[in-house]
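A.B. asks: Show me how the following folds:
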Amino acid sequence: MPTVVEVAVAVKVRAAAYGREVPGQTRVPCVGVVVCDDVGRLLVVLRGRAPAAGHWSIPGGRVEPGETLEQAAAREAREETGLDVVVHGVVGTVELAGIDDEVYAVTDFAATVEGNMAGRAAVAGDDAVDVRWVSRDELRQLPTSPGLLDTLEEWQIWP
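C.D. replies: Next up, the predicted model:
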């Protein structure tokens, strides 16, 4: 599994190769967690802080020093939803504009709710104001973080 430093270096190399490297920008390793239930609903949180405050998105956030990306994904899911998840493979990566000169280099993982948590209600925590399971059509009716719907469609998240 790649370390935070390896991912940060890989993102910089990839960005430079595509001419997207902007001097002075700070790249911040982040994770997102795509959790679907057995009927195809997606777990989403209502963001309480910038960026994307007041918008629905998947659970996620910054990688803390010493964490692997997978550990960060599991922690963020637990902190924002109260659910323990099993992190699976990477579903995709995105770069998002952050605060000030930051660029969030986000690695999104597929995950499932851990067996002993099945049936337990999700509870908003940390910087999440609300949390819910939504269908594709329900998510389309919510104010979502920029690019979320297109990205989920592109990655073929919905069954």
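
A.B. asks: Nearest to the middle of this protein, which residue? Look it up for me.
C.D. replies: Nearest to the mean C-alpha position of the chain, by CA atoms, centre = their mean, lies Gly32 at 1.6 Å.

A.B. asks: buried residues in the helix or strand in which that one is found?
C.D. replies: Element membership for Gly32 (DSSP states H and E) is strand 26-35. Along strand 26-35, these residues count as buried under the neighbour rule (16 or more other CB atoms under 10 Å): 27-35. Yep, even glycine has a C-beta here, placed from its N, CA and C like the rest.

A.B. asks: how would you label Ala73: helix, strand or coil?
C.D. replies: Counting by DSSP: H, G, I helix; E, B strand; the rest coil, the backbone at Ala73 sits in helix.

A.B. asks: neighbours of it, just the number please.
C.D. replies: Ala73 sits with 30 neighbouring residues when counted by other CB atoms under 10 Å.

A.B. asks: distance of it from Ala121?
C.D. replies: Plainly put, Ala73 is 21 Å away from Ala121 if you go by CB to CB, to the nearest Å.

A.B. asks: what's the answer for Trp56, then?
C.D. replies: Here the distance between Trp56 and Ala121 works out to 18 Å (CB to CB).

A.B. asks: Tell me how far Val63 lies from Glu70.
C.D. replies: If you go by CB to CB, the gap between Val63 and Glu70 works out to 10 Å.

A.B. asks: who's more crowded, those two?
C.D. replies: When Val63 and Glu70 are compared for neighbours, Val63 comes out ahead with 25 against 19, by other CB under 10 Å.

A.B. asks: hang on, Val129 packs against Gly48?
C.D. replies: Yes. Here Val129 reaches Gly48: they are 4.2 Å apart, a contact under CB atoms under 8 Å.

A.B. asks: Please identify the helix or strand for Glu80.
C.D. replies: For Glu80, the secondary-structure element it belongs to, assigned by DSSP H and E, is helix 69-81.

A.B. asks: residues of that helix that come out buried?
C.D. replies: Going by neighbour count (16+ other CB under 10 Å), the buried part of helix 69-81 is 69-78, 80-81.

A.B. asks: Nice, that's everything, thank you.
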